[in-house]
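Enquirer: Structure, please.
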Amino acid sequence: MTPKTSFSLNGLQNAIANVFSQVQISSANHKKNCVNLYKLHVQIAGSDGRDTAQLVGEDAFVQVFCDMMTRVLTIKKGAAPADRTIRFIGFYLKYINERGLSISLSLYIC
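Expert: Model (predicted):
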């Protein structure tokens, strides 16, 4: 069986931005988008097993995730798309904690 190819860091921001744009539309697709974002997170963080590549991928994911999150946090409470995105962020953090893998989202970097 051939290993999965590593995800390109160049397309990372577009991939995460697509997920964030989808979660603004409806709360019904949060589970699907959470799974997709998690797969992307795992793929980018564990690209080829080397520690340096893992750190580079993990840091890049966290940086883009925090960038998307801070864009939403500046919006005043009550805007439906922003509220859905905040709920998704909480759902995603809960999801990665339940999965229990060694991949962590270091929000202190934000």
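Enquirer: number of nearby residues for Asn29?
Expert: 15 (other C-beta atoms under 10 Å). (Glycine included, C-beta is placed from N, CA and C.)
Enquirer: Not counting its neighbours along the chain, what's nearest it?
Expert: Gln22 (6.0 Å; C-beta to C-beta, 6 or more residues apart in numbering).
Enquirer: same deal with Asp67?
Expert: Per C-beta to C-beta, 6+ apart, closest to Asp67 is Gln13, 7.9 Å.
Enquirer: ok, now how distant is that neighbour from Val19?
Expert: In this view, Gln13 and Val19 are 11 Å apart by C-beta to C-beta, to the nearest Å.
Enquirer: so after whichever strand or helix holds Val62, what's the next helix or strand?
Expert: Here Val62 sits within helix 51-73, counting by DSSP states H and E. Next helix or strand after helix 51-73 toward the C-terminus (DSSP H and E): helix 80-99.
Enquirer: Just want the angle from that next one to helix 51-73.
Expert: Orientation of helix 80-99 against helix 51-73 (axes from the mean of the first three to the mean of the last three C-alpha atoms, to 10 degrees) gives an angle of 150 degrees.
Enquirer: Alpha carbons only: can I get helix 80-99 in CSV?
Expert: Only the C-alpha atoms of helix 80-99 are listed here, as CSV (Å, rounded to 0.1, in the frame of the first residue of the first chain):
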residue,chain,number,x,y,z
ALA,A,80,-25.2,34.8,12.2
PRO,A,81,-22.3,33.7,10.0
ALA,A,82,-19.8,34.8,12.7
ASP,A,83,-21.8,33.0,15.4
ARG,A,84,-21.8,29.8,13.3
THR,A,85,-18.1,30.0,12.8
ILE,A,86,-17.4,30.4,16.5
ARG,A,87,-19.6,27.4,17.2
PHE,A,88,-17.7,25.5,14.6
ILE,A,89,-14.3,26.4,16.2
GLY,A,90,-15.6,25.1,19.6
PHE,A,91,-16.9,22.0,17.9
TYR,A,92,-13.6,21.4,16.2
LEU,A,93,-11.6,21.9,19.4
LYS,A,94,-13.8,19.4,21.1
TYR,A,95,-13.5,17.0,18.2
ILE,A,96,-9.7,17.0,18.2
ASN,A,97,-9.6,16.5,22.0
GLU,A,98,-11.9,13.5,21.7
ARG,A,99,-9.8,12.0,18.9
